[in-house]
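S.K.: got a predicted structure here, sequence first:
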Amino acid sequence: MKTPRLTVLEKIGFGAGDASVNVVISSFFLLINFFYTDIFGLRPEHIIALLFVGRVIDAVTDPMMGLITDKVNTRWGRYRPYFLWMAVPFGVSVFLAYSTPDLAYNLKLAYAYATYILVTLVFTAVTIPYISIIGVLTDDPKERLSANGYRLFFAKIAALAVSTAVPIVAGWWGEDKARGYQVAMGVMGAISTVLFLFCFATTTERVKHRPDPRPFLAQLGPLLRNDQWLLLCAVCVIGTVGYVVRGSVAIYYATYYLGGDAAMQSAFMGTGVVAAILAMVASTWLTKFICKVQLFRWTQIGVGVLSALFYFMVQPGDVAAAFVLYFTLSFVVDLHAPVFWSIIPEAVDYGEAKTGQRTSGLSFGGISFCQKAGMALASAIVNGLLVYFAYEANQVQTPETQHGIHLMLTLIPGAFHVLMGGVMFLYKINDGYYARLKAGAIPGLKPLASVVHE
């Protein structure tokens, strides 16, 4: 027996949850580094340490949250309650993270640590359940892919709102951009609270799994024997590094390489997000006709080619060429995104079939940690390179610094995407393989035994 098809309303509700999540993710990808250096006033070398501490905390809290969702069940399900319980703390933490107190440097640094850790903890508490819920909304891979198309479409709408509205609103406050960022991100936090409540109200957990009741270390062994999940972990880290390096430097690029103001910052980042939104739609359509895993592989190889063209064809101040190539590059990059998030539950099922033990919560917690680890590594690369290329906030940059910023938008992230595409050639769970796996027809793998429908 299969679960019924998801309604459009439920897919929209599911997407609303990712819109809320992406208020934080997109601001971390696109704005937080620039906010910390040019608005908040931190030195790049201190940002590296700040974000590293956040990832150390994630190393503990992400798998812990995954285990909690495996062990705690409520009348609303395993995952949905957190959308209700954490909605308000999520919005408040966003507001605090983008507030700039009038304090001495060391006290401001301490405030940045406290608020960044807070938003990280709240983000974990709601995001691990969110990325896990797709596995219990339906067990139909086509419906999962469709739902993830909605999800990522709404995620990019949120990213568009953050990337375009925040710089413009900050500009309304003139020289007091700190207050502008605080107000803009406070509004974004309030909207994210409403979106999580809507996600809670419109989704239903239909597929019930019997999770592994054993403690963390006992579950870790079977998880580490899931070779396909390990591949996705590697892909997640590598791809996130490329994505975040490019996204983090985009606002610097618009400002210091193209010579733009707040309107240019908004337009340039918005161009990338609009391209990504169109990619969500195109990816969902393309996977009706071609293998989703092949689409993943070859689009990321193509990103490397486009990145090289971007590097050689655009000089400082070449606004039109930069916009065209950034749009094209952003479109091709994001064709893989719905595929990646739809295949994680399939890798979890593969692990159960291979080991006879299901580690769903820990699996999704591990993927979330890998994404955050990629973000931390990307931040270290960005800030390390800003130091290396002698970047000075709110100053005219030297030609060497401009060239460094150009590299950070083009060749450097492009190399990570090529590597990600190459790793995906080792991934084997396409639609045909997954259908045989569910039917118990893969030699050496056990039939899935944990699935119960309601």
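M.R.: Structure received.
S.K.: residues near residue 250, how many?
M.R.: 26 (other C-beta atoms under 10 Å). Where C-beta positions appear, they are placed from N, C-alpha and C, glycine not excepted.
S.K.: now swap in the one 5 residues further on and tell me
M.R.: Close neighbours of residue 255, defined as other C-beta under 10 Å, add up to 21.
S.K.: residue 301 now?
M.R.: Neighbour tally, residue 301, other C-beta under 10 Å: 17.
S.K.: so which elements touch the one helix or strand it maps to?
M.R.: Assigned by DSSP states H and E, residue 301 falls within helix 292-313. Applying 3 or more C-beta pairs under 8 Å, 6 or more residues apart in numbering; DSSP states H and E, one finds that helix 292-313 contacts helix 319-333, helix 337-355, helix 399-409, helix 411-423.
S.K.: enumerate the positions of the next helix or strand after the last one that are buried.
M.R.: Toward the C-terminal end, the helix or strand that comes next after helix 411-423 (DSSP H and E) is helix 431-438. When neighbours are counted by 16 or more other C-beta atoms under 10 Å, the buried residues of helix 431-438 are found to be 431, 433, 434, 437, 438.
S.K.: how about stretch 263-279?
M.R.: Buried, per 16+ other C-beta under 10 Å, within stretch 263-279: 264-279.
S.K.: these in helices, which ones?
M.R.: Residues of those located in helices (DSSP state H): 264-279.
S.K.: just to revisit the earlier point, among the helices and strands packed on helix 292-313, which gets the worst mean confidence?
M.R.: Between the helices and strands packed on helix 292-313, the lowest average pLDDT goes to helix 337-355, which shows a mean of 86.
S.K.: for residue 283, give me its contacts.
M.R.: 149, 295, 334, 335, 336, 337, 338, 339 (C-beta atoms under 8 Å, 6 or more residues apart in numbering).
S.K.: equivalent analysis for residue 154, please.
M.R.: Here residue 154 is in contact with 12, 15, 16, 18, 19 (criterion: C-beta under 8 Å, 6+ apart).
S.K.: spell out the secondary structure type for residue 204.
M.R.: coil (DSSP: H, G, I helix; E, B strand; the rest coil).
S.K.: verify the contact between it and residue 137 for me.
M.R.: Yes. Assessed by C-beta atoms under 8 Å, residue 204 is found in contact with residue 137 at 7.2 Å.
S.K.: give me the number of residues near the closest residue to residue 234 other than its chain neighbours?
M.R.: Nearest residue to residue 234, sequence neighbours excluded (C-beta to C-beta, 6 or more residues apart in numbering): residue 423, at 5.5 Å. Residues lying near residue 423 (other C-beta under 10 Å) number 18.
S.K.: ok, now how distant is residue 423 from residue 371?
M.R.: Relative to residue 371, residue 423 is positioned 15 Å away (C-beta to C-beta, to the nearest Å).
S.K.: so where's the stretch 151-300 of the chain shaky on pLDDT?
M.R.: 209-218 (pLDDT under 70).
S.K.: and if we set it to 80?
M.R.: Within the stretch 151-300 of the chain, the set of residues satisfying pLDDT under 80 comprises 152, 207-220.
S.K.: show me where it has its helices.
M.R.: Using DSSP state H, counting those that start in this stretch, the helices of the stretch 151-300 of the chain run over residues 177-202, 216-224, 227-252, 262-286, 292-313.
S.K.: to residue 77, which of the ones you listed lies closest?
M.R.: helix 177-202 (9.9 Å; C-beta to C-beta).
S.K.: give the buried residues for the closest one.
M.R.: In helix 177-202, counting by 16+ other C-beta under 10 Å, buried: 177-178, 180-193, 195-200, 202.
S.K.: repeat for stretch 44-55
M.R.: For stretch 44-55, by 16+ other C-beta under 10 Å, it's 44, 46, 47, 48, 50, 51, 54, 55.
S.K.: helices - which of the residues you listed land there?
M.R.: In helices, defined here by DSSP H, the members of the buried residues of stretch 44-55 are 44, 46, 47, 48, 50, 51, 54, 55.
S.K.: quick one: mean pLDDT over the particular helix or strand that has residue 373 in it.
M.R.: For residue 373, the host element (DSSP H and E) is helix 360-388. The pLDDT scores in helix 360-388 average 86.
S.K.: for it, buried residues please.
M.R.: Judged by neighbour count (16+ other C-beta under 10 Å), helix 360-388 contains these buried residues: 360-383, 385-386.
S.K.: one step back: which two among the contacts of residue 154 are spaced furthest apart?
M.R.: 12 and 18 (11.0 Å).
S.K.: who has more neighbours, the two?
M.R.: Each of residue 12 and residue 18 has its neighbours counted (other C-beta under 10 Å); residue 18 has more, 25 against 19.
S.K.: isn't the more buried one up against residue 151?
M.R.: Yes. Residue 18 is in contact with residue 151 according to C-beta under 8 Å; the separation is 4.4 Å.
S.K.: report the distance from stretch 349-363 to the chain centre.
M.R.: The chain centre lies 23 Å from the centre of stretch 349-363; the measure is C-alpha atoms, centre = their mean, to the nearest Å.
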